[in-house]
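Engineer: give me a 3D structure for the following:
(2 chains)
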Protein chains: 2
Amino acid sequence: MPVTEGQKPDTATPIEQIEQASRSSMPLAERQKSNETVPLEGEKPSKNALKKAAKEKEKAEKAAKREQQEREEKEKAAANDTASHLYGHLNYEAPPPFAEKFLDLGDLEGIEENSRVTFEARVGNARVQSAKLGFLVLRDGFDSIQVVIAEGGPQKISRQMIKWCGGLNTESIVRVTGLVQAPKEEVKSATISHHELHLDSIYVVAEAPEQLPVQVKDCNQPPPGEEEGDAVIEGLPNVGLKARLDNKVLSLRAPAGEAIIKLESEVTRLFNEYMFQHKFTDIQPSYLAGAATEGGAGVFEVKYFEEKAFLTQSPQFFKQMTIAGGMKRVFSVGPVFRAENSNTRRHLTEFTGLDFEMTIRHHYHEVLSFGESLMIYIIRGLQTQEYPKKLTNIIREAGYPEAGTFQLPPGDKAVRITFAEAKALLSEAGIEGGEPHSDIDTAQEKALGKIILEKYKTDFYTVDEFPRSLRPFYTHPSPKDPALTNSYDFFMRGQEFMSGAQRIHNYNDLCESMRLKGLSPEDEGFKHYTEAFKWGCSPHGGGGLGLNRIVQSFLGLNNIREATLFPRDPGRLAP
Amino acid sequence: MPVTEGQKPDTATPIEQIEQASRSSMPLAERQKSNETVPLEGEKPSKNALKKAAKEKEKAEKAAKREQQEREEKEKAAANDTASHLYGHLNYEAPPPFAEKFLDLGDLEGIEENSRVTFEARVGNARVQSAKLGFLVLRDGFDSIQVVIAEGGPQKISRQMIKWCGGLNTESIVRVTGLVQAPKEEVKSATISHHELHLDSIYVVAEAPEQLPVQVKDCNQPPPGEEEGDAVIEGLPNVGLKARLDNKVLSLRAPAGEAIIKLESEVTRLFNEYMFQHKFTDIQPSYLAGAATEGGAGVFEVKYFEEKAFLTQSPQFFKQMTIAGGMKRVFSVGPVFRAENSNTRRHLTEFTGLDFEMTIRHHYHEVLSFGESLMIYIIRGLQTQEYPKKLTNIIREAGYPEAGTFQLPPGDKAVRITFAEAKALLSEAGIEGGEPHSDIDTAQEKALGKIILEKYKTDFYTVDEFPRSLRPFYTHPSPKDPALTNSYDFFMRGQEFMSGAQRIHNYNDLCESMRLKGLSPEDEGFKHYTEAFKWGCSPHGGGGLGLNRIVQSFLGLNNIREATLFPRDPGRLAP
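Structural biologist: Residues are numbered from 1 along each chain as shown, chains lettered A, B, ... in the order given. This is a model prediction of the structure:
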């Protein structure tokens, strides 16, 4: 994106280059002499000419605006509009008066009746009941209020003003001032039912067009049933997922859409909080890995000047190198990239990883127990703290039946079973799991989730001791059984959202494990990673949590894209 | 990186593919029938064969280890070593006894004398004074302690054991148990000067090799003077920056290296804290932008399945779309990618951005004031809170003269000047700044930093009202002067570390501004961005802070790479 914040580049971004190109029309030699930036091909008007043109343009625009305002004023005056100063477009240069209590609509609930307040909100609905009376429903985030516009009164509201209000486009932002009053009867069309606003003045802050591609209110409910992946059934009573994602700026305005993203923020807040409480250091790994480290499927290739680079699939190697570098406990929050051509309800090509890594003193279950406590802290936090509870309620009220029903284990005592026990539970339930060390597929995971909920009364559990054949080379084998590993997956509602393990910290063991999997420790791409262990590293382990999956599972959302601000999948790179 | 945490892929990562390939030797058709993953070319042994081989290998290894241990034991016995059980390699399966007080070396300061403790630490130095007496200096993070190994005593320490300790390689990790005692005289060679440990037992947790590419102690001081960029003078008394970066796992073990990264973590902690205190939502933007959004210099291109994508240069467009989506205050912490072929002390191709965006009620200075308060909160936090103070001290003691000398403005009242005033200050000081709207270069910025420190007694200040010609198309023009903008830069010690501005929120104004800069609002790459404003958006602004530059400037580090865990520049993609 053509943005240069945080670091002023020496070379220019594309847009700056165009700008710079526009700044000079001197011949190249002179330009270099005068130390100006060399422009791109395709000459533009000179700097001064451009500046002059800009100034003139501004002036002309300002004049046009002023003229329009004057025209409006004149029209109002010609129509004998006594209220002409009480409505119109907000002029920030000469702002109209506003109440002392300039607040957010969300803070209005606690305000006394007969207070005069000002706030800004979006038009949810505009309705003229008669020439003398109009109504607006104004919305700001999770809150909405009814506004009454009645002819006369101390402000001398005019019929023209009422008509003008009735013509306001939905989704326009207005600044209103008025008296907070008790409504004659409870307001059903707004979230604030015991207050309404009797309008004094109203000014447009930002105007929305008459037509919008989707209606915000249609997005405030789960998208209609759909198949696996991005496919959606259009034309159903509410807007399909694809249309919501295409118009994310609008669907995000639905209270449920906003609440999901704000709940995600609560998860990262709680994660950060727990990490700092437990003396972890927040590290910033690199997301670009050297050309030779990777190669092939699963990894996005980046053109890096004259070389190739790759987007990391996780910060794990960096976390581990930091541990080898003497740090005991590290965490990181950041993007995870997966070049997987998967179009399912639970896969993205980019998601947010919450990663941690820690040294082990006696046994790798220190890591597993830490992970379990972390998740119970996060989920219990979402369930007991006021703000996330409010967010979850908003989502449930929008028609998501599983929001607010997530069950933690009784007494917050984590339920942990081994991979073998998971297989046995499935087998008991008549689900054939194949060979003892074969993987558990998505359908079996779902089934296991139900069995465990039934048996242990929990939607959160962990599976330990995965077979070595299912884990990467760096996973520490189990000392009990060389066919098993010191590794685990975490599940919520039968969906895996975290993998973790003890890693091999001994250089020779690591090299052996690599060779056993057909990899070379001498490979240029692995050199820096393996070296870290040659130089002495404590036993350690960790895990990576998928933020979007946590939110998806906690709320019981059908599709992970609903739990993602700007999702990326094989078919989506925008908005 | 070949890691699959957080999201179980449907398609396999390279390493998994190799694994999967190794798991089956059935012909392709059968494999597809049986629903197994299709392997890569280059067939590997069958699953069972592999498992069997692995098991056998493990067994053989275990047997070899056992044999070696037995041999060692026999040798000790043959030598009549009475202390043979008190030292050797740590066996996690049958761990030797450890003290009740198993602590971190950092927690030892408060321990009473004659306490028996166990801790793990790295060998900093090993020395045999006589056959009867040896010394170790053990280091863990920022702390080090002297360990005395004396023949005899209640444990019956043997001469063999003393000799063995003297042969321990530097950087090996050991677990030691012993008695905390007061030293005869203050210990000068360790940070813990009033305690020493009288050794009972010592076991190797992880062994480092005899030779290391750089010595950790040589990295605990600023790298030798160097030219702009990555070039370093090798062979000077301490290790050059390039060698430190090449061997980051070792240089990170130097207390100063670790403290810098931990201080960076303190900055993100304080940033997050301030954001949540002020009701900001932590958003996770995408770091991949659609093919048509960008093009050309400054942006890294990514192969995205059959299409092109680009790594975002900042989360700004996403932040703004979220504001247009009805959220009032958002922030984000994440990587920022710049495909700039700059090899200077202050440029990276990837750095960490701390971004925020907020709606504006009356005037864009709301954003600027917020940014100033945020920075004063962060810097004051670093200067007054115990832990970051400790980190800064460690860095200063390692020989960084500017660590701990950063000056905030008197009374924490932010110093703000306009761009024109900055030019005038430079001019007063005899520094010719060219045309009024020409940019201030790096040298002038440095000079300005000194002038302002002299005049206003502060290393932190902000410059407001940048000329329009120096800012991107989306920057809001100044209502006072169309040649200026509502935009600002933040400086620490004369180095810019943040750019910010009010953005144009009116769709028509934005389109005009784009056209004025030769851009097309109808461009497919801009469509989603410009649409956001068509649908009604509040006035808003924000900024992006460069985390690494904040730490670099706060500590007065010569090179931004010192303030980066795994730096990336045009010549560096590893480790």
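Engineer: for residue A:247, give me its contacts.
Structural biologist: When contacts are counted by C-beta atoms under 8 Å, 6 or more residues apart in numbering or on different chains, residue A:247 is found next to A:212, A:213, A:214. Heads up, the C-betas are built off the backbone N, CA and C, glycines and all.
Engineer: relative to residue A:248, how far out is the last one?
Structural biologist: When distance is defined by C-beta to C-beta, to the nearest Å, residue A:214 is 10 Å away from residue A:248.
Engineer: got a markdown table for the contacts of residue A:247, with secondary structure and neighbour count too?
Structural biologist: Shown next, in a markdown table, are the contacts of residue A:247 (DSSP: H, G, I helix; E, B strand; the rest coil; neighbours: other C-beta atoms under 10 Å in any protein chain shown):
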| residue | secondary structure | neighbour count |
| --- | --- | --- |
| A:212 | coil | 16 |
| A:213 | coil | 11 |
| A:214 | coil | 17 |
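Engineer: okay, now the residue lying closest to residue A:85 once chain neighbours are set aside: neighbour count?
Structural biologist: Sequence neighbours aside, residue A:96 is the residue nearest to residue A:85 in space, at 7.1 Å (criterion: C-beta to C-beta, 6 or more residues apart in numbering or on different chains). The tally of other residues near residue A:96 (other C-beta atoms under 10 Å in any protein chain shown) stands at 16.
Engineer: for residue A:223, give me the pLDDT.
Structural biologist: Per-residue confidence (pLDDT) for residue A:223: 91.
Engineer: so which of the contacts of residue A:247 also contact chain B?
Structural biologist: Intersecting these with the surroundings of chain B, defined as C-beta under 8 Å from any C-beta of the partner chain, gives residue A:212.
Engineer: what is the nearest of the contacts of residue A:247 to residue A:394?
Structural biologist: Compare each of the contacts of residue A:247 with residue A:394 using C-beta to C-beta and the shortest gap goes to residue A:214, at 19.3 Å.
Engineer: correct me if wrong: the closest one contacts residue A:251.
Structural biologist: Yes - contact status for residue A:214 versus residue A:251: in contact at 6.5 Å, counting by C-beta atoms under 8 Å.
Engineer: joint contacts of those two?
Structural biologist: A:239, A:243, A:244.
Engineer: for residue A:368, which non-adjacent residue is closest in space?
Structural biologist: Closest residue to residue A:368 apart from its sequence neighbours, by C-beta to C-beta, 6+ apart: residue A:488 at 5.4 Å.
Engineer: make sure that neighbour is indeed in a strand.
Structural biologist: Yes - the assignment for residue A:488 by DSSP: H, G, I helix; E, B strand; the rest coil puts it in a strand.
Engineer: any idea how far it is from residue A:504?
Structural biologist: 16 Å.
Engineer: check residue A:186 too.
Structural biologist: For residue A:186, the distance to residue A:504 - C-beta to C-beta - is 65 Å.
Engineer: and the contacts of residue A:247 as JSON lines, adding pLDDT?
Structural biologist: Listed next are the contacts of residue A:247 as JSON lines, based on pLDDT from 0 to 100:
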{"residue": "A:212", "pLDDT": "95"}
{"residue": "A:213", "pLDDT": "94"}
{"residue": "A:214", "pLDDT": "94"}
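Engineer: tell me the one of the contacts of residue A:247 nearest chain B?
Structural biologist: Relative to chain B, the closest of these is residue A:212; by C-beta to the nearest C-beta it sits at 6.3 Å.
Engineer: identify the residues contacting that closest one.
Structural biologist: Residue A:212 touches A:170, A:171, A:247, A:250, B:535, counting by C-beta under 8 Å, 6+ apart.
Engineer: which strand or helix spans the second one?
Structural biologist: Following DSSP states H and E, there is no helix or strand that holds residue A:171.
Engineer: list the contacts of it.
Structural biologist: A:122, A:123, A:208, A:212, A:216, A:250, A:253, B:535, B:536.
Engineer: ranges for the strands of the stretch 1-150 of chain A?
Structural biologist: A:87-89, A:101-102, A:116-130, A:133-140, A:143-150 (DSSP state E, counting those that start in this stretch).
Engineer: and the contacts of the first one?
Structural biologist: The list of residues contacting strand A:87-89 from outside it, by C-beta under 8 Å, 6+ apart, reads A:69, A:72, A:161, A:164, A:165, A:201, A:202, A:203, A:204, A:207.
Engineer: keep only the residues you listed that also lie close to chain B.
Structural biologist: Among those, proximity to chain B is found for residue A:207 (C-beta under 8 Å from any C-beta).
Engineer: quick one: which two of the contacts of strand A:87-89 are the most distant?
Structural biologist: Top of the distance list for those (C-beta to C-beta): A:69 and A:165, 18.6 Å.
Engineer: pick out whichever of those two has more residues nearby.
Structural biologist: Residue environment comparison for residue A:69 versus residue A:165 gives the larger neighbour count to residue A:165, 23 against 14, counting by other C-beta under 10 Å.
Engineer: who's in contact with the more buried one?
Structural biologist: Shown in contact with residue A:165 (C-beta under 8 Å, 6+ apart): A:87, A:126, A:128, A:134, A:136, A:149, A:199, A:202.
Engineer: for the fourth one, the count of nearby residues, please.
Structural biologist: Read that as residue A:134. For residue A:134, the count of nearby residues is 26 (other C-beta under 10 Å).
Engineer: surely it touches residue A:160?
Structural biologist: No - because the distance of 11.3 Å does not satisfy C-beta under 8 Å, residue A:134 is recorded as not touching residue A:160.
Engineer: so where's chain A uncertain?
Structural biologist: By pLDDT under 70, the low-scoring segments of chain A are A:1-58, A:61-62, A:73-74, A:76-78, A:225-238, A:291-297.
Engineer: and it, what are its domains?
Structural biologist: Under automatic domain parsing, the residue ranges defining each domain of chain A are A:15-44, A:51-78, A:88-206, A:216-253, A:256-563.
Engineer: straight-line length of the longest one, end to end?
Structural biologist: By that I understand domain A:256-563. 11 Å (C-alpha to C-alpha, to the nearest Å).
Engineer: in strands, which of the contacts of strand A:87-89 fall?
Structural biologist: Of those, the ones assigned to strands by DSSP state E are A:201, A:202, A:203, A:204.
Engineer: quick one: which of those residues has the most company?
Structural biologist: residue A:202 (25 neighbours).
Engineer: specify the beta-bridge partners of that one.
Structural biologist: Each beta-bridge partner of residue A:202 is listed here, defined by DSSP bridges: residue A:87, residue A:176.
Engineer: could you do residue A:311 as well?
Structural biologist: Bridge pairing for residue A:311 (DSSP bridges) gives the partners residue A:288.
Engineer: what is the nearest of the shared contacts of residue A:214 and residue A:251 to chain B?
Structural biologist: When the shared contacts of residue A:214 and residue A:251 are ranked by distance to chain B (C-beta to the nearest C-beta), residue A:244 comes first, at 11.4 Å.
Engineer: give me every residue that touches the closest one.
Structural biologist: By C-beta under 8 Å, 6+ apart, residue A:244 lies in contact with A:214, A:219, A:223, A:250, A:251, A:257.
Engineer: could you do residue A:327 as well?
Structural biologist: The contact partners of residue A:327, by C-beta under 8 Å, 6+ apart, come to A:281, A:283, B:141, B:252, B:258, B:261, B:262.
Engineer: now it: which helix or strand?
Structural biologist: Counting by DSSP H and E, residue A:327 is held by no secondary-structure element, helix or strand.
Engineer: can you check residue A:354 too?
Structural biologist: Assigned by DSSP H and E, residue A:354 belongs to strand A:350-359.
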